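J.: Attaching a predicted model along with its sequence, questions to come.
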Number of protein chains: 2
Amino acid sequence: MTTIRGARERARTEVTAAIKDEARRQLAVEGAAKLSLRAVARELGMVSSALYRYFPSRDELLTALIIDAYDAIGSAAERALATADPADPPARWTAVCVAARAWALAHPHEYALIYGSPVPGYQAPQLTIEPASRVGLALISIAADAHRADGIALPPLSEELRPEAQRLAAQLAPGLPPEVMAALVASWAQLFGLVSFEVFGQFNGLVEARDELFTHAARRLAHEVGLLDRRRTP
Amino acid sequence: MTTIRGARERARTEVTAAIKDEARRQLAVEGAAKLSLRAVARELGMVSSALYRYFPSRDELLTALIIDAYDAIGSAAERALATADPADPPARWTAVCVAARAWALAHPHEYALIYGSPVPGYQAPQLTIEPASRVGLALISIAADAHRADGIALPPLSEELRPEAQRLAAQLAPGLPPEVMAALVASWAQLFGLVSFEVFGQFNGLVEARDELFTHAARRLAHEVGLLDRRRTP
DNA sequence: GAGTTGGGAGAGCACTGCTCTCGCTTGAGA
DNA sequence: TCTCAAGCGAGAGCAGTGCTCTCCCAACTC
């Protein structure tokens, strides 16, 4: 599909990328709320109205940045998963958690864009839900692999929660016990609670040894979804 | 200290409260980013510059709302703690969690103000850290009470994390084992991860039985900090 | 009662998102 | 090859924003 496109089309994708890059730059400095279309245009040497040829509104620009951010943290997680020891599920789990946290700490404003307060009046379009699920899917795949290899057993769920967990398991990881599925969804949210507290400054002046606390918590989460450390329990 | 103040002073506190109320109203409708000083003033029948007699800037108004929000969710948690069965630590824990979640779902924009992305360029002033810790302190007190009553034993921490946990325990709950303290801090962040995912729409189109998932996760968190259900393990 | 202070009104500045119109340039079809 | 619609940048303009400054009246203090 790398046909030689016309100059116009090529220019369009280049300008679009330049706008996103500059917007990301301003995002990193000032945060989403202060991201200004006019300032982006100014920095790019164009007039603000010209920018509307590429993004119909400020919200659309933000949506593009949101999708890119989801993809960035998602691929960071997937890269960590690919390089971790396939035979050590807890290590794979913590590797993904650590990678997600590292990306968040390196890109706090982009992280805030996707895991902070949703932009006012803004409804996440269908387009974002697929990239948004990549980290979660990485976590699920770890549990699914571990379950295929050794089986995972967790205490049974309550009557009220089991059907939901079964539905989710059927949808996302057929064969995975509902108990594991429920633990996965909860752990997924809890993981980002840990990251958000750190990125958003909730630990400021309270927790110092954040690396250690995070890896400790990530390991406990792995235990919570039933991933057992073979080195301890062979 | 309820001395009869002059008309001026009384008017000042009344107008200040009216401004905050109207701001909160607009916050609930549009969200923090669209909260406009001019709109608040307009709605109150005053001119925008007059509002600056009460709040030196938009950020100061937001800070006031933030403190109020922290106090609101904090007192909701404390109320839940006060009415729960004192002899049942896991029940006390889940009661506090459920109360915090209920407040968040009822006041999503105020919740976003305090647990979402920090307002751009905004540094939380010292004033906010005390009200911000009320929910956390409620959780800590549950574990401290349970530890005093029955003792809590958890697996030992790593060498790297123990000193930090000991420091935190000495500062916040003298006598509490560092293992419990570390679990508390992590659970505190994880709790708000669950709430944030729900409030910010991360569960949209994925998780339906949110009440059940949340109470399940809250119970697991209680277990994680070492609160044992006596009815199951007498 | 005189003087100080608090606070509302209004104009104004620099900025924002967004629209609309006016041209120039590009590229596809006749 | 020529034509003509589509793409796109420039500029002006609108309604809104946070914030400042000046003016002036009313309230409180001495």
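T.: Cool, got the structure.
J.: Run through the strands of chain A in chain order.
T.: Here chain A has no strands by DSSP state E.
J.: A:F197 contacts B:F192, correct?
T.: Yes - A:F197 is within contact range of B:F192, at 6.8 Å (criterion: C-beta atoms under 8 Å). Every C-beta, even on glycine, is put in place using the N, C-alpha and C of the backbone.
J.: Neighbour count: those two, which is higher?
T.: B:F192 (30 against 26; other C-beta atoms under 10 Å in any protein chain shown).
J.: which residues does that one contact?
T.: A:G193, A:S196, A:F197, A:Q202, B:A100, B:Y115 (C-beta atoms under 8 Å, 6 or more residues apart in numbering or on different chains).
J.: Least confident of these?
T.: On pLDDT alone, A:Q202 ranks lowest of the contacts of B:F192, at 93.
J.: Tell me how many other residues surround that residue.
T.: 23.
J.: my guess is it meets B:G193, correct?
T.: No - with contact defined as C-beta under 8 Å, A:Q202 does not reach B:G193; the gap is 11.0 Å.
J.: Pull up the overlap in contacts between these two.
T.: Residues touching both A:Q202 and B:G193 (C-beta under 8 Å, 6+ apart) are A:S196.
J.: Pick out the residue of chain A closest to DNA strand D.
T.: When scored by C-beta to the nearest atom of the strand, chain A has A:S49 as its residue closest to DNA strand D, at 2.7 Å.
J.: any idea how far DNA strand C is from that residue?
T.: 3 Å (C-beta to the nearest atom of the strand, to the nearest Å).
J.: Tell me how far that residue lies from A:F55.
T.: The gap separating A:S49 from A:F55 is 12 Å, by C-beta to C-beta, to the nearest Å.
J.: higher neighbour count, the two?
T.: Using other C-beta under 10 Å as the criterion, A:S49 and A:F55 rank with A:F55 on top: 19 against 10.
J.: give the contact list for the more buried one.
T.: A:F55 touches A:I19, A:L37, A:L61, A:A64, counting by C-beta under 8 Å, 6+ apart.
J.: out of these, what pair is the most spread apart?
T.: Greatest spatial distance among the contacts of A:F55 (C-beta to C-beta): A:L37 and A:A64, at 12.7 Å.
J.: So which elements touch the helix-or-strand element of chain A with minimal mean pLDDT?
T.: Among the helices and strands of chain A, helix A:126-132 carries the lowest confidence by mean pLDDT, DSSP states H and E, at a mean of 85. On a contact count with 3 or more C-beta pairs under 8 Å, 6 or more residues apart in numbering or on different chains; DSSP states H and E, helix A:126-132 meets helix A:58-83.
J.: Looking at the helix it packs on now, give me its mean pLDDT.
T.: In this model, helix A:58-83 carries a mean pLDDT of 96.
J.: Check stretch A:174-185 too.
T.: The average pLDDT for stretch A:174-185 rounds to 98.
J.: Can you give the contact residues for it?
T.: A:136, A:139-140, A:143-144, A:147-148, A:152-157, A:161-162, A:164-166, A:168-169, A:172-173, A:224-226, B:206-207, B:213, B:216, B:220.
J.: quick check, nearest of the contacts of A:F55 to DNA strand C?
T.: A:L37 (3.6 Å).
J.: Please name the residues that touch the closest one.
T.: Per C-beta under 8 Å, 6+ apart, neighbours of A:L37: A:S48, A:L51, A:F55, A:R58, A:L61.
J.: Can you read off the pLDDT for it?
T.: pLDDT, read off for A:L37, is 98.
J.: From B:A32, how far off is it?
T.: 20 Å.
J.: repeat for A:V195
T.: Distance from A:V195 to B:A32, by C-beta to C-beta: 21 Å.
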